[in-house]
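I'll drop the sequence and a predicted model, then ask my questions.
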Amino acid sequence: MKNMVFDEYDEEVQAAEDAESRQGQPDSDKDIKPSHSKHARTRAGGDGTAVGEDEDANDDDDEDVRKWNLRKCSAAALDMLSTHLGDEHILPLLLPIVQQRLLDPDWKVRESAILALGAVSEGCHMGLAPYLTDMVKMLIPVLQDPRPMVRMITCWCLSRYVQWVLIPPSDDRQVDHRGQSSSVAPENEALFVAILLGLLGRVQDGNSYVQEAACSGLADLLEHASNVTHGRLLLPRLQPLVETLSNAIATCGRRNLRIVLDAISTTCSVIGGRILSEYPAAVQQLVVPVLNRWQSLGFMERDVVPIMESLTNIAASLGPAFEPYAPAVFEKAVVLLRAQQEARKAQAADATSSHLYEPDLHMAALDMLSGLADGLRASVEPLVTASPLPTLLPAACADASSDVRQSAFALLGDMTKACPSHVLPRLDEYIRLCLSCLDVPMLTEPNMPSANNAIWSLGELVVKADPARLRAHTVRICEAAATPLLGSVRVTRALQENAAICLGRTALMCPDQVAPLLPHFFSPWCAALRNLRDDLEKEQAFRGLV
């Protein structure tokens, strides 16, 4: 506990205190963390949905390592002790110290006590359950503390206890078909509302460091609310949530742009497009400020990449509710895609070309179009018809960069599902492009995400194509899809699962041609199919098997 108190000249404290005195001033370049595109969503086997890459998480880990100190090491040690020893051994020693330190006039000592409470939230939650209400009520006013580091640690601590606040009553733990609880104790719901409103207040904090901590805590709260109540607990508080985020994205500095955008994306994902479609005013309050922020930056500037990534996730989450905003977003994405492809060609022809190629913008444009196709489905067809996208996509799938190909094949698969009439005329070309990513020399670790998306999109092409047109490619598709299953090349599990699905779909469409090849891959194919989640893709794969 002594080592959890800030040093007298701690850099984090100095930065937060400086931000307190600079409220309302623009962020300087040194305040902005370098960021890169999150790259395309990798298509997971078994359901075709997108899962995020963990590169950003690694970046965050690196940032934490650079800031690692005795204080954080001590807090991590307390967390580990509480997890291994349990509350019966830790709390009798810890609580008297925490209670004493919470009353200390030195804000650094009080801050360390709140840090300790957050550190033991996992290991000692049962022992702290009788004190949960009083603890939350004690922490809520601390969100108004004049010291920014105290406000920041309180945001974090409260977010650590949200999952325990949302535990349903012991006599009414009803769960639905997904194993999620359907009710929360009334007194705990009041605590949840208090935490939510408290965090929303700090999201509007003029100190960018406090705002960052509040947005992070809000994201955790939203995720827990989704896991426990499908987001239903948020509906009665939708108006303050939406208004706060709308104001935050309009006023936040460059430093916190990405984390505020993530909070908006998480809100849309947690509540869902089906529910939000009944609240068009709320959708407008969330989407329009993001579009305005994009417009104010200039839609071809590199700084807009986080905005485009957020809009990609928002479109995929909202689905039809995003339709009023889709035409303008789609048009900008296509213009940006074409401009980046032209810049890439010019740069390849002449290294001194004035055309500036930005790979992150190239990928962001592809990902945005993929999100629109995924969210709007058939409704995206008129937008594609009126655009040059069908002629731009093949070049993206053939790009020399694995990251660009990853985004391109995600878009190819989503377009095949949403508007196959714009893809199937180029079926032979797309099949060759997919297969080129699945050659054994191409199955290296850096190329794995693009290969995974290629085999996934190939499966989508196969199931939508005319079997007569597939026959010329059936053997080659089976060979390429079987390679990841046979163990001769080390690949990811997602690639194996998508390969098994692609084989099953090929067998479904062209059974007579696949049947003679079964002895070469039947056993590993069955093993891969067994592990798939029950859904339409698994059904199609097994129908092909039988």
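Arrived safely.

these two touch, right, Cys268 and Asn313?
Yes - between Cys268 and Asn313 there is a contact under C-beta atoms under 8 Å: 7.3 Å. C-betas here are computed from N, CA, C, even on glycine.

so where do the strands sit in this structure?
For the chain, the strands defined by DSSP state E occupy 42-43, 50-51.

Out of those strands, which gets the lowest mean score?
Here the lowest mean pLDDT among the strands of the chain goes to strand 50-51, at a mean of 44.

Not counting sequence-adjacent ones, nearest residue to Glu323?
Distance criterion C-beta to C-beta, 6 or more residues apart in numbering; nearest residue to Glu323, sequence neighbours excluded, is Ser379 at 5.9 Å.

Give the buried residues for stretch 416-426.
Buried residues in stretch 416-426, defined by neighbour count with 16 or more other C-beta atoms under 10 Å: Thr416, Lys417, Ala418, Cys419, Pro420, His422, Val423, Arg426.

can you pull the contacts of the first one?
Looking back up the chat, that one is Thr416. With contacts defined as C-beta atoms under 8 Å, 6 or more residues apart in numbering, the neighbours of Thr416 are Val423, Leu424, Ser457, Glu460, Leu461, Lys464.

Now the phi/psi pair for the first one, please.
Yep, that's Val423 we're talking about. Dihedral pair for Val423: phi -110, psi -40, per degrees, to the nearest 10.

Tell me how many other residues surround Leu94.
For Leu94, the neighbour count with other C-beta atoms under 10 Å is 23.

In this model Leu115 seems to touch it, though I could be wrong.
No - Leu94 is beyond contact range of Leu115, at 11.9 Å (criterion: C-beta under 8 Å).

where's stretch 489-506 relative to the chain centroid, distance-wise?
Centroid displacement of stretch 489-506 relative to its chain, using C-alpha atoms, centre = their mean, to the nearest Å, is 23 Å.

What average pLDDT does that stretch get?
Averaged over stretch 489-506, pLDDT sits at 94.

Just the buried positions in it, please.
Applying 16+ other C-beta under 10 Å to stretch 489-506 flags 491-492, 494-506 as buried.

So the closest residue to Tyr430 other than its chain neighbours versus Asp403, what's the distance?
Nearest-residue entry for Tyr430: Leu461, 6.0 Å, with adjacent residues in sequence omitted and distances by C-beta to C-beta, 6+ apart. Distance of Leu461 to Asp403, given as C-beta to C-beta, to the nearest Å: 22 Å.

what about the two, which has more around it?
Neighbours were counted for Leu461 and for Asp403 using other C-beta under 10 Å; Leu461 has more, 25 against 22.

Isn't the more buried one up against Leu427?
Yes - under the criterion of C-beta under 8 Å, Leu461 makes contact with Leu427 at 6.5 Å.

Give me the residue ranges of the stretch 251-400 of the chain where confidence is low.
For the stretch 251-400 of the chain, the stretches flagged by pLDDT under 70 are 299, 354-355.

How many residues are close by the closest residue in space to Gly118 that isn't next to it in sequence?
The shortest distance from Gly118 to any non-neighbouring residue, by C-beta to C-beta, 6+ apart, is to Cys157 (3.7 Å). Residues contacting Cys157 under the criterion other C-beta under 10 Å number 22.

pretty sure Cys157 is touching Ala116, no?
No - counting by C-beta under 8 Å, Ala116 is not a contact partner of Cys157; they are 9.2 Å apart.

close enough to count as contact, Asp399 and Ser407?
No - using C-beta under 8 Å as the test, Asp399 is too far from Ser407 to be in contact (9.1 Å).

Which one's more surrounded, the two?
For Asp399 versus Ser407, neighbours defined as other C-beta under 10 Å are more numerous around Ser407 (30 against 20).

Pretty sure that one sits against Gly371.
No - assessed by C-beta under 8 Å, Ser407 is found out of contact with Gly371, at 10.7 Å.

OK, contacts around Ala315?
Shown in contact with Ala315 (C-beta under 8 Å, 6+ apart): Phe322, Ala326, Val329, Met368, Gly371, Leu372, Asp374, Gly375, Leu376.

What is the burial count for the third one?
Counted with other C-beta under 10 Å, residues neighbouring Val329 total 25.

Which residue comes closest to it once chain neighbours are left out?
The shortest distance from Val329 to any non-neighbouring residue, by C-beta to C-beta, 6+ apart, is to Leu311 (6.1 Å).

burial of Met135, as a residue count?
Other residues near Met135 come to 17 when the count uses other C-beta under 10 Å.

which residues of the stretch 51-200 of the chain fall in helices?
55-66, 70-85, 87-102, 107-119, 125-128, 132-142, 148-165, 186-203 (DSSP state H, counting those that start in this stretch).

Buried residues, the last one. List them.
If I follow you right, that is helix 186-203. By neighbour count with 16+ other C-beta under 10 Å, helix 186-203 contains the buried residues 188-189, 191-192, 194-196, 198-203.

now swap in the shortest one and tell me
Using 16+ other C-beta under 10 Å as the burial criterion, the residues of helix 125-128 that qualify are His125, Gly127, Leu128.

Identify the residues contacting stretch 334-345?
The contact list for stretch 334-345, computed with C-beta under 8 Å, 6+ apart, reads 299-300, 353, 355-358, 361-362, 364-366, 369, 387-389, 392, 395-396, 399.

Now, of those, which are buried?
Looks like the contacts of stretch 334-345 have 299, 357-358, 361-362, 364-366, 369, 387, 389, 392, 395-396, 399 buried, using 16+ other C-beta under 10 Å.

Of the residues you listed, which is the nearest to Ala472?
The shortest approach to Ala472 among the buried ones among the contacts of stretch 334-345 belongs to Ala395, at 23.4 Å (C-beta to C-beta).

roughly how far apart are the closest one and Tyr209?
As defined by C-beta to C-beta, Ala395 lies at a distance of 43 Å from Tyr209.

What of Arg543?
Going from Arg543 to Tyr209 by C-beta to C-beta gives 55 Å.

Looking at those two, which has the bigger crowd around it?
The neighbour count for Arg543 versus Tyr209, taken as other C-beta under 10 Å, is higher for Tyr209 (22 against 13).

I'd say the more buried one and Ala16 touch.
Yes - counting by C-beta under 8 Å, Ala16 is a contact partner of Tyr209 at 4.4 Å.

Give me the common contacts of these two.
The contact lists of Tyr209 and Ala16 share Pro148, Met152, where a contact means C-beta under 8 Å, 6+ apart.

quick one: average pLDDT of stretch 118-128?
Mean pLDDT, stretch 118-128: 94.

Quick check: end-to-end length of that stretch?
One end of stretch 118-128 sits 11 Å from the other (C-alpha to C-alpha, to the nearest Å).
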